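Visitor: I'll drop the sequence and a predicted model, then ask my questions.
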Amino acid sequence: MTFGEKLTRAQEAHNSLLCIGLDPQRDRIPAPLQNSPRFLYDFCREIIAATAGVACAYKPNLAFFEAWGSDGIRQLEMTLEEVPQDVPVILDAKRGDIGNTSGMYARFLFEHLGGDAATVSPYLGADSLEPFLEYEGRCIFVLCVTSNPGAADLQFNESAEVQLYHRVVMMCRKLREKGEVGLVTGATHVDQLAEIRLMYPEGPLLVPGLGVQGGDLEASVTAATKGGTLPAVFNVSRGIIYAGDGADFAEAVHQKALEYKAAINQALERVST
């Protein structure tokens with residue numbers, strides 16, 4: 001099964017385009033879990049259990065696990081075992097280096113961790129991404145226009161004759177001959193998101209920036225789905241996983257995930273009519 005097929009099946013099964021980001025930060029998780037020796041795993045396990053029927057994908061951010069060394073990696077491995085088999089995992093790693101180094105990154109992400117997809121950086125060019133595409137059935141999401149304010153420093157500039165993100169899109173269209181390639185394009189830059197969707201209708205989009213980062217949900221859903229042949233995936237991390245901080249935090253997380261799912265679906269219906 002390709003990544004696109006697995007994602008589409010999960011979206012249809014759960015009637016959802018919502019991806020939930022797993023960014024476990026110790027000082028923000030509920031107090032009862034902060035002193036657990038497995039606080040990363042315990043927290044993420046509760047999040048996954050509370051949202052398993054709502055999310056179409058999960059996106060663990062590796063930095064929040066790697067910060068705790070080998071124990072953090074072990075808890076990441078345990079967390080990934082909790083994700084339902086029919087729901088894809090997008091490993092948020094943002095890797096990219098010369099070919100042989102990228103090959104090692106790909107081996108860790110796809111062979112060791114077993115991710116279905118991973119975020120990667122295009123800065124070193126196409127040959128730095130090709131090793132990731134050697135894994136059949138896996139997908140890469142290439143950073144195109146990110147959701148942070150500093151994205152405009154390099155990725156796009158009104159005075160530039162050729163926008164960098166345009167070059168990324170064109171490079172990825174060629175890379176699709178070698179495997180499954182999606183683009184990361186943030187909800188906080190809606191104009192660029194809409195343009196990228198029109199330039200890249202045949203590939204999946206991963207859209208971060210909703211929730212805490214302040215992306216416009218309605219505008220983002222419209223921009224990311226209008227003219228596309230594959231649905232986008234809309235990621236929310238902190239806006240969902242930190243919805244509650246008491247003993248009943250999992251229920252608050254469940255309700256918040258349902259709210260985002262419903263809002264995305266309602267916006268999608270308006271695009272279709």
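Guide: Right, received. Where do you want to start? Residues are numbered from 1 along each chain as shown.

Visitor: Does residue 116 touch residue 3 like I think?
Guide: Yes: between residue 116 and residue 3 there is a contact under C-beta atoms under 8 Å: 5.3 Å. Where C-beta positions appear, they are placed from N, C-alpha and C, glycine not excepted.

Visitor: Tell me which stretches of the stretch 51-200 of the chain form helices.
Guide: 63-66, 69-82, 99-106, 151-154, 164-175, 190-199 (DSSP state H, counting those that start in this stretch).

Visitor: Could you save the ones you listed as a markdown table and add columns showing mean pLDDT and distance to residue 139?
Guide: What follows is those, written out as a markdown table (pLDDT from 0 to 100; distance: least, C-beta to C-beta, whole Å):
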| stretch | mean pLDDT | distance to residue 139 |
| --- | --- | --- |
| helix 63-66 | 98 | 20 |
| helix 69-82 | 98 | 16 |
| helix 99-106 | 96 | 12 |
| helix 151-154 | 83 | 22 |
| helix 164-175 | 95 | 11 |
| helix 190-199 | 93 | 17 |
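
Visitor: Let me know the secondary structure of residue 245.
Guide: coil (DSSP: H, G, I helix; E, B strand; the rest coil).

Visitor: Can you get me a residue count around it?
Guide: 13 (other C-beta atoms under 10 Å).

Visitor: Identify, by residue count, the longest helix of the chain.
Guide: For the chain, the helix with the greatest residue count under DSSP state H is helix 249-272.

Visitor: any residues in contact with both of residue 116 and residue 3?
Guide: By C-beta atoms under 8 Å, 6 or more residues apart in numbering, residue 116 and residue 3 have these common neighbours: 88, 137-139.

Visitor: Reformat the helices of the stretch 51-200 of the chain as JSON lines; add mean neighbour count and distance to residue 12.
Guide: Shown next, in JSON lines, are these (neighbours: other C-beta atoms under 10 Å; distance: least, C-beta to C-beta, whole Å):
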{"stretch": "helix 63-66", "mean neighbour count": "17", "distance to residue 12": "30"}
{"stretch": "helix 69-82", "mean neighbour count": "16", "distance to residue 12": "22"}
{"stretch": "helix 99-106", "mean neighbour count": "16", "distance to residue 12": "29"}
{"stretch": "helix 151-154", "mean neighbour count": "14", "distance to residue 12": "32"}
{"stretch": "helix 164-175", "mean neighbour count": "17", "distance to residue 12": "25"}
{"stretch": "helix 190-199", "mean neighbour count": "19", "distance to residue 12": "21"}
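
Visitor: would a markdown table of these with distance to residue 37 be doable?
Guide: Output for these, formatted as a markdown table (distance: least, C-beta to C-beta, whole Å):
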| stretch | distance to residue 37 |
| --- | --- |
| helix 63-66 | 15 |
| helix 69-82 | 8 |
| helix 99-106 | 29 |
| helix 151-154 | 38 |
| helix 164-175 | 42 |
| helix 190-199 | 41 |
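
Visitor: quick one, which of those helices is nearest to residue 8?
Guide: Ranking those by proximity to residue 8 (C-beta to C-beta) places helix 190-199 first, at 17.1 Å.

Visitor: just how off-centre is the closest one within its chain?
Guide: Taking the mean of its C-alpha atoms, helix 190-199 sits 17 Å from the chain's own mean (C-alpha atoms, centre = their mean, to the nearest Å).

Visitor: Point out where the protein drops to low pLDDT.
Guide: Residues of the chain that meet the criterion pLDDT under 70 lie in 158-160, 227-231.

Visitor: coming back round to it: show me what the longest helix of the chain is packed against.
Guide: Under the contact criterion of 3 or more C-beta pairs under 8 Å, 6 or more residues apart in numbering; DSSP states H and E, helix 249-272 touches strand 18-22, helix 39-51, helix 217-225, strand 233-236, helix 238-241.

Visitor: and if we set it to 7 Å?
Guide: Where contact means 3 or more C-beta pairs under 7 Å, 6 or more residues apart in numbering; DSSP states H and E, helix 249-272 is packed against strand 18-22, helix 39-51, helix 217-225, helix 238-241.
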